[in-house]
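> Dropping the sequence and predicted coords here.
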Amino acid sequence: MVPGIDMSKWWGKDGGERKGTPVIVKMENPNYSLLEIESPDTAFRAVEKDRGKNAKQMTWVLLLRAHKAAGCVAWVGNGVLSLLSTIKKRLILGEGVKMENDKSSKGKLLYRIILGFLITALAFLAFEMFAHFNGWQYYLQTSNLSMIIPRTIEIQGLFHQVYVGWVDFRVEYIAPLIQFLSNFCVLLFMIQSVDRLVLCFGCFWIKIKGIKPKVEGEPKPIDAENPGSFYPMSISAVCQLDWPKDKILIQVLDDSDDESIQWLIKSECSKWSQKGVNIIYRHRLVRTGYKAGNLKSAMNCDYVKDYEFVAIFDADFQPKPDFLQQTVPHFEGKPEVGLVQARWTFVNKDENLLTRLQYINLCFHFEVEQQVNGVYLSFFGFNGTAGVWRIKALEDSGGWLERTTVEDMDIAVRAHLNGWKFVYLNDVRVLCELPESYEAYRKQQHRWHSGPMQLFRLCFPAIISSKLSSLKKANLILLFFLLRKLILPFYSFTLFCIILPLTMFVPEAELPLWVICYIPVFMSLLNILPSPSSFPFIVPYLLFENTMSVTKFNAMISGLFQLGSSYEWIVTKKAGRSSEPDLVAMEERETKAMNQPQLFRGASDSGLSELTKLKEHQDATPNPAKKKTNKIYKKELTLAFLLLTAALRSLLSAQGVHFYFLLFQGVTFLLVGLDLIGEQMS
């Protein structure tokens, strides 16, 4: 094989000067001439046009290319056969699956609407195929006005008359409506893209200028006997935090209904208490208000009045021992600061494709959104964990309320309305865990997108009547709530899941190529910039985000109009990978990569290790009754068939990019609908 580029200019130091001893190569076959090689790179230069091409070399090139092509075809064929086999097992035979149980009336209504679209699309596909094979392809393209149906067209029969009437009706009435809705969604898409671009520029400027929150004065060493040291009373949820023991109280808040888990937690608390840690175990029999109710109950205790700060951690979050030393000093000399938020980092981000795609979103959220809003606005949504609150700020803002499923965002908005400022620390990271199953991730996203709409309805009058400046009010209403919580899921679902398939059956209303391809790819690139290692997943990320728009749109509508299970709190299921061995292993990898001395985390001899051994024993013991179970998600499956039907229709119009987008998006919906992404639930 002869590359068509001269590599000597890259390898040589003298600008392409040839070096080496001339070599004569004699071919064994006498039919070939002698070839003189003057230097090691001579054989790799392009062949002169007048010399012709070597037939044997061309044969090998063609064979290699054919081998690669055959490998690709075999890979695609195996994938298609596996997918068809899964469809047969799960949809036709129903092996090892259970149907999605959607209690929401809004969810059922959305499913029926999508199903109606699918049935209509199948009917129109059959009609259009019949018209296509009879040569009745009449439609009006926006860029080609020569295909307008003539009024004096000769009717060839009843079906032809019906088809001509349908085309005339869709040109006059349906196409303008779809085009108007399409233009409206494209406008929203462009506004959201500009917002995303501005955030990225803000993050880039922060990196260039090295802008970071600063601590007033010099850091002070820990000295419990020195009353002048700045170590105020604070509350935490971990016992290994490096802080004076007489200045910290740990509350373990348990809402579980499993007695074995309760016993293990009590045992753990008892052993830490015997080691001198000031720790209290609190268990509620009634889960009123869910997490907000639990926090409210804990903060109403009399002994909390002696403390100034509270650090909050969910069960799967594991801060480093110096967490309080890195966060609490940012309150010193700044009485207006009410919250210091740390960043999340994930122990299982490379576990499967689902966790990789989640990592892209969350990395952008913390690296760009939280950091930019923290630097320029001193306000962002509290993430519910891995943050330190000034208790006075909580009390001044009304404390924890049980009115929504996003109690963290609720208290953050109310504190902002009362003039408190927030500090975001991008360099302080707390290890946690991502949900590994689609079922758990889907329920988490439903809560995260229905809750903000509930909160917007409740907070809108307070925002209007607050003493905030007009700019901050506009930021809260237009950007924080409407653009990023309502408009984003609305246009994603409407534009790519509804309007695009419709334009295949109403070709007079078309979506331009830059809306389908260029802008989404560019925006996906911006999302991946904070996590460059995720660049190979840009296409799956783009397709999966469009797939998740169904869940987010349904949740947004449910929260906005108080429909279905919008107030239901479902705990996100996780695999428990944030256990101590996993954390230590990850910490060692990170510190080794950064060439820093490793941090030591002592092993716990508590009942949690006994629980781990028990689980290992159960996993090792064969249990024939235990089977993996997958769910069938009806809305995603119905949309998959709708998009695939639209892809078939696009073949009749020879729309290349539209066809491939609909095909790949439909396959993505199919994979998600069959629960083939992430870990299976048992």
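Arrived safely, thanks for sending. Numbering: from 1, shown residues only.
> Beta-bridge partners for V337, please?
K421 (DSSP bridges).
> measure it to K68 for me?
From V337 across to K68, the span is 60 Å (Cβ to Cβ, to the nearest Å). Where C-beta positions appear, they are placed from N, C-alpha and C, glycine not excepted.
> These two: who's more crowded?
V337 (19 against 10; other Cβ atoms under 10 Å).
> counting contacts, what elements does whichever strand or helix holds Y441 pack onto?
Per DSSP states H and E, Y441 falls inside helix 438-465. If you count contacts as 3 or more Cβ pairs under 8 Å, 6 or more residues apart in numbering; DSSP states H and E, helix 438-465 packs onto helix 353-364, helix 407-417, helix 538-561.
> and that helix, what's its mean pLDDT?
Helix 438-465 comes out with an average pLDDT of 93.
> ok, now stretch 65-77?
76.
> next one: stretch 526-538
The average pLDDT for stretch 526-538 rounds to 92.
> Please list the residues outside it that contact it.
Residues from elsewhere that reach stretch 526-538 (Cβ atoms under 8 Å, 6 or more residues apart in numbering): 196-197, 200, 203, 353, 356-357, 359-361, 363-364, 367-368, 521, 524-525, 541.
> most tightly surrounded among the helices and strands packed on helix 438-465?
Here the criterion is mean neighbour count by mean count of other Cβ atoms under 10 Å, and of the helices and strands packed on helix 438-465 the winner is helix 407-417, at a mean of 24.
> orientation of it relative to helix 438-465 in degrees?
Computed by axes from the mean of the first three to the mean of the last three Cα atoms, to 10 degrees, the angle separating helix 407-417 from helix 438-465 equals 20 degrees.
> Return the alpha-carbon coordinates of helix 407-417 using CSV.
Extracted in CSV, the C-alpha atoms of helix 407-417 (Å, rounded to 0.1, in the frame of the first residue of the first chain):
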residue,chain,number,x,y,z
GLU,A,407,-36.8,20.9,49.0
ASP,A,408,-33.2,21.8,48.2
MET,A,409,-34.2,24.2,45.4
ASP,A,410,-37.0,25.5,47.5
ILE,A,411,-34.8,26.7,50.4
ALA,A,412,-32.2,28.1,47.9
VAL,A,413,-34.8,30.3,46.1
ARG,A,414,-36.3,31.5,49.4
ALA,A,415,-32.8,32.3,50.8
HIS,A,416,-32.0,34.2,47.6
LEU,A,417,-35.2,36.2,47.9
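> Centre of the chain to it, how far?
24 Å (Cα atoms, centre = their mean, to the nearest Å).
> And for stretch 268-285?
36 Å.
> Return the set of buried residues in it.
Residues 268-269, 271-272, 277-279, 281 are the ones in stretch 268-285 that count as buried (16 or more other Cβ atoms under 10 Å).
> Same question for stretch 318-325.
318-320, 323-325.
> the helices in the stretch 51-200 of the chain, which residues?
55-87, 105-133, 158-169, 175-209 (DSSP state H, counting those that start in this stretch).
> Quick check: mean pLDDT of the shortest one?
Model confidence over helix 158-169 averages 81 on the pLDDT scale.
> For K212, which non-adjacent residue is spatially closest?
What sits nearest to K212 in space, not counting adjacent residues and going by Cβ to Cβ, 6 or more residues apart in numbering, is D427, at 7.2 Å.
> so what's that neighbour scoring on pLDDT?
95.
> So L354 sits against A440, correct?
No. Taking contacts as Cβ atoms under 8 Å, L354 lies outside contact range of A440: 9.6 Å.
> how close does I360 get to L434?
Applying Cβ to Cβ, the value for I360 to L434 is 11 Å.
> I misspoke; the intended subject was I279.
Counting by Cβ to Cβ - I279 and L434 are separated by 28 Å.
> and if you look at G77?
Remark: distance between G77 and L434 (Cβ to Cβ) = 33 Å.
> With A509 instead?
40 Å.
> Give me the more crowded residue out of these two.
L434 (28 against 23).
> Would you mind giving the secondary structure of that one?
Using DSSP: H, G, I helix; E, B strand; the rest coil, the structure places L434 in coil.
> need the buried residues of stretch 318-325 in CSV with secondary structure, pLDDT and distance to F159, can you?
Output for these, formatted as CSV (DSSP: H, G, I helix; E, B strand; the rest coil; pLDDT from 0 to 100; distance: Cβ to Cβ, whole Å):
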residue, secondary structure, pLDDT, distance to F159
Q318, strand, 88, 68
P319, coil, 90, 71
K320, coil, 90, 73
F323, helix, 94, 73
L324, helix, 94, 77
Q325, helix, 93, 79
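> Widest-spaced pair of these?
Farthest pair in the buried residues of stretch 318-325 (Cβ to Cβ) is Q318 and Q325. Separation: 16.3 Å.
> which intervals of this protein have sub-threshold pLDDT?
1-54, 56, 87-107, 136-156, 217-237, 564-567, 569, 576-629, 654-655, 680-682 (pLDDT under 70).
> my read is the residue nearest to K212 is in a strand, agree?
Yes. The assignment for D427 (three-state DSSP) places it in a strand.
> Just want the phi and psi numbers for G276.
phi 100, psi 10 (degrees, to the nearest 10).
> so what's it up against?
Contacts for G276 (Cβ under 8 Å, 6+ apart) come out as K245.
> ok, so what distance separates the nearest residue to Q341 once chain neighbours are set aside from K247?
With sequence-adjacent residues excluded and distances taken as Cβ to Cβ, 6+ apart, Q341 is closest to G387, at 4.3 Å. According to Cβ to Cβ, G387 stands 19 Å off from K247.
> More neighbours: which of those two?
G387 (23 against 17).
> The more buried one: what's it in contact with?
The contact partners of G387, taken as Cβ under 8 Å, 6+ apart, are 311-312, 339-342.
> will you turn those residues into JSON lines that also has neighbour count and secondary structure?
Putting these into JSON lines (neighbours: other Cβ atoms under 10 Å; DSSP: H, G, I helix; E, B strand; the rest coil) gives the following:
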{"residue": "A311", "neighbour count": "25", "secondary structure": "strand"}
{"residue": "I312", "neighbour count": "22", "secondary structure": "strand"}
{"residue": "L339", "neighbour count": "27", "secondary structure": "strand"}
{"residue": "V340", "neighbour count": "26", "secondary structure": "strand"}
{"residue": "Q341", "neighbour count": "27", "secondary structure": "strand"}
{"residue": "A342", "neighbour count": "26", "secondary structure": "strand"}
